[in-house]
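>>> Here is a sequence with its predicted model. Questions after.
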Amino acid sequence: MLKLSGNMKNRESIQEPNFDYYNHKVPDIDLSDCEFPHVIEIYDFPQEFRTEDLLRIFCCYQKKGFDIKWVDDTHALGVFSSPITARDALGSKHTMVKIRPLSQATRAAKAKARAYAEFLQPAKERPETSAALARRLVISALGVRSKQSKTEREAELKKLQAARGKWKL
């Protein structure tokens with residue numbers, strides 16, 4: 001049997017972390033010269049990856065507007081709703097994939113982006129909706145009278161007209 005000798009308090013074993021999250025600095029990436037500043041290239045991931053796997057990695061950007069367009073088995077384009085969101089994604093670290101701006105992408109990725117330029121436009125916010133039409137259809141189908149007052153209907157109509165005017169701008 002071996003005995004432990006010496007004072008263990010004097011020994012220090014410090015392991016350096018892989019990532020310093022306390023002093024994390026987002027790299028300043030210039031996207032101004034890029035043709036599509038809201039698009040990034042996702043590359044160097046396993047060939048077995050599917051769209052769902054990539055969407056899972058970038059799940060925090062789903063609500064802000066994010067889509068995947070495939071280039072080949074190990075390259076894809078990430079389409080964000082704005083250049084600011086794309087810059088934010090470029091500053092994050094992922095263990096399974098590598099990312100870079102489209103200006104530094106492969107020729108195939110750039111060619112795919114130019115060929116499908118109309119599909120790579122930033123996602124727009126969905127317009128404000130109302131349940132007025134659905135309510136009218138259901139009420140007319142059931143043959144019952146609406147319990148909504150005239151002032152409520154007028155307020156809803158004004159709200160729809162304001163939304164239409166804002167959408168046309």
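That came in fine, so what should we check first?
>>> Distance of residue 39 relative to residue 166?
Noted for residue 39: a distance of 27 Å to residue 166, by C-beta to C-beta, to the nearest Å. Glycine gets a C-beta too; all of them are placed from N, C-alpha and C.
>>> So between these two, which is more surrounded?
Set side by side, residue 39 and residue 166 show more neighbours around residue 39, with 28 against 10, by other C-beta atoms under 10 Å.
>>> quick one: the nearest residue to the more buried one once chain neighbours are set aside and residue 15, what's the gap?
Excluding its sequence neighbours, the residue lying closest to residue 39 (C-beta to C-beta, 6 or more residues apart in numbering) is residue 102, at 4.8 Å. Distance, residue 102 to residue 15, using C-beta to C-beta: 37 Å.
>>> Between those two, which has more neighbouring residues?
residue 102 (21 against 5).
>>> wait, doesn't the more buried one sit right on residue 42?
No: the criterion here is C-beta atoms under 8 Å, and residue 102 misses it with residue 42 at 10.8 Å.
>>> Identify the contacts common to those two.
residue 77 (C-beta atoms under 8 Å, 6 or more residues apart in numbering).
>>> For residue 80, grab the count of nearby residues.
Neighbours of residue 80 (other C-beta under 10 Å): 25.
>>> Tell me the pLDDT of it.
As predicted, residue 80 sits at a pLDDT of 87.
>>> Nearest residue to it in space, ignoring adjacent ones along the chain?
Once flanking residues are discounted, residue 80 sits nearest to residue 86: 4.3 Å by C-beta to C-beta, 6+ apart.
>>> So what does residue 79 have for phi and psi?
Main-chain torsions, residue 79, degrees, to the nearest 10: phi -100, psi 120.
>>> Spatially nearest residue to it, not counting backbone neighbours?
Leaving aside its sequence neighbours, residue 79 sits nearest to residue 67 (C-beta to C-beta, 6+ apart; 4.5 Å).
>>> Let me know the secondary structure of the one you found.
The three-state label given to residue 67 by DSSP: H, G, I helix; E, B strand; the rest coil is strand.
>>> so it makes contact with residue 81?
No: in this structure residue 67 lies outside contact range of residue 81 using C-beta under 8 Å: 9.3 Å.
>>> Show the average pLDDT along the one helix or strand residue 99 maps to.
Per DSSP states H and E: residue 99 is located in strand 98-101. For strand 98-101, mean pLDDT rounds to 91.
>>> buried sites along it?
99, 100, 101 (16 or more other C-beta atoms under 10 Å).
>>> Next: stretch 160-169.
Using 16+ other C-beta under 10 Å as the test for burial, stretch 160-169 gives no buried residues.
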